[in-house]
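# Build me a model:
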Amino acid sequence: MQRLLTAAVLVPIALAAIFELPGWAFFLLVAALLEWAAVEYAALGRCRSPRAPWSALLVLTPPVAAALAWGLTPGHAVDGYHALGLVAAVALPVGVAVLFSGMPIEETHFAAGAIGYGIAYFAVPIASLYRLQQHDPWVLFLLLAIVWLGDTAAYYVGTAWGRHRLAAVVSPKKSWEGAAAGLVTSIAATAVWSLWRRQELDWVLVGIGAATALASQVGDLVESLWKRGVGVKDSGGVLPGHGGILDRMDAMLYAAPTLLLLLWACGYEAVR
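Residues are numbered from 1 along each chain as shown. Below is the predicted model:
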């Protein structure tokens, strides 16, 4: 019941933000939300390496996300030198922060990898969500339908009929039955959106929706892997029935860039 009540509050807020906020305000909102998720990610990392410079993750994520969002804006295409500078802006400060952190030397590889990965983990979806909303909020609406409806179907079908474990070591409660239900629901949601918004059943778009749904399930499992590795059930407790912000956004972190890149690769004008 808590899960449904929380969703009933969050869904209208999310839709209002998508359709009513100007691009800059939406970017700030998403950046703040995922910065909170980054705080939870850092808290998980501190279970393994408490003296690592996790603040570098929190400091670097917003400007990297802003640089990516700028590069994705029409007329500001990122060339090789911009990409090189962006990677250097991430890798070099992380290395310096680890070097001067005073942490145990045997933890340095873990810390550098976790912080460097974490910056991309949060900055890429921030920029992707911004890019989708800026040009066509209805495409971002489709993303929410793919991820949230698929997640809901997976949860309830898996709870009721799940018998075969999907990833027993990483997430014991997830089942193949739930995953299949989530995928089918996401595909159906994409088909309905296509008929509604494009007045035709676009099979390429349906395929993109299926790939996005699979990416969202992988994103969910990846976050479960982090939590399982440090023996934590939820990343936080701010959302009753859902856990933390990272628990709620984990699937979106993989799904948003997947949808954006596939739409771009397939030539859809909504992202050009």
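
# In stretch 174-185, which residues are buried?
174-175, 177-185 (16 or more other CB atoms under 10 Å). Bear in mind the C-beta positions are built from the backbone N, C-alpha and C, glycine included.

# what distance separates that stretch from the centre of its chain?
19 Å (CA atoms, centre = their mean, to the nearest Å).

# what's the answer for stretch 37-49, then?
Taking CA atoms, centre = their mean, the mean C-alpha location of stretch 37-49 is offset from the chain mean by 16 Å.

# Can you lay out the buried residues of stretch 174-185 as JSON lines showing distance to Val98 and pLDDT?
Output for the buried residues of stretch 174-185, formatted as JSON lines (distance: CB to CB, whole Å; pLDDT from 0 to 100):
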{"residue": "Lys174", "distance to Val98": "34", "pLDDT": "88"}
{"residue": "Ser175", "distance to Val98": "39", "pLDDT": "89"}
{"residue": "Glu177", "distance to Val98": "43", "pLDDT": "93"}
{"residue": "Gly178", "distance to Val98": "39", "pLDDT": "93"}
{"residue": "Ala179", "distance to Val98": "37", "pLDDT": "94"}
{"residue": "Ala180", "distance to Val98": "42", "pLDDT": "95"}
{"residue": "Ala181", "distance to Val98": "43", "pLDDT": "95"}
{"residue": "Gly182", "distance to Val98": "38", "pLDDT": "96"}
{"residue": "Leu183", "distance to Val98": "39", "pLDDT": "97"}
{"residue": "Val184", "distance to Val98": "44", "pLDDT": "97"}
{"residue": "Thr185", "distance to Val98": "43", "pLDDT": "97"}
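
# just curious, which of those is nearest to Leu21?
Nearest to Leu21 out of those is Thr185 (CB to CB; 27.6 Å).

# show me what contacts that closest one?
149-150, 152-154 (CB atoms under 8 Å, 6 or more residues apart in numbering).

# Go through those and say which is closest to Ala251.
Proximity of the contacts of Thr185 to Ala251 (CB to CB) peaks at Gly150, which lies at 8.1 Å.

# thinking again about what came up before, and the buried residues of stretch 174-185, which is closest to Tyr81?
Distances from Tyr81 to these, taken by CB to CB, are shortest for Leu183, at 40.2 Å.

# Within the helices and strands, which one has the closest residue to that closest one other than its chain neighbours?
Excluding the flanking residues, the one nearest Leu183 by CB to CB, 6 or more residues apart in numbering is Ala213, at 5.2 Å. In this assignment (DSSP states H and E), Ala213 forms part of helix 203-230.

# Please, which helix or strand holds Gly45?
helix 23-46.

# for that helix, which positions count as buried?
26-27, 29-31, 33-45.

# so what does that helix touch, helix or strand wise?
helix 2-20, helix 55-72, helix 108-135, helix 203-230, helix 245-265 (3 or more CB pairs under 8 Å, 6 or more residues apart in numbering; DSSP states H and E).

# So for Gly236, which of those helices sits nearest?
helix 245-265 (6.4 Å).

# Pull up the per-residue confidence for the closest residue to Leu68 other than its chain neighbours.
The shortest distance from Leu68 to any non-neighbouring residue, by CB to CB, 6+ apart, is to Ala127 (3.6 Å). Looking at Ala127, its pLDDT is 95.

# pretty sure Ala127 is touching Ala65, no?
Yes. At 5.3 Å, Ala127 counts as touching Ala65 under the criterion of CB atoms under 8 Å.

# ok so, going back, next, work out how far apart the residue nearest to Leu183 and Tyr155 are.
14 Å (CB to CB, to the nearest Å).

# Neighbour count for these two, which is higher?
Neighbour totals were compared for Ala213 and Tyr155, and Ala213 leads with 29 against 17 (other CB atoms under 10 Å).

# Much appreciated, bye for now.
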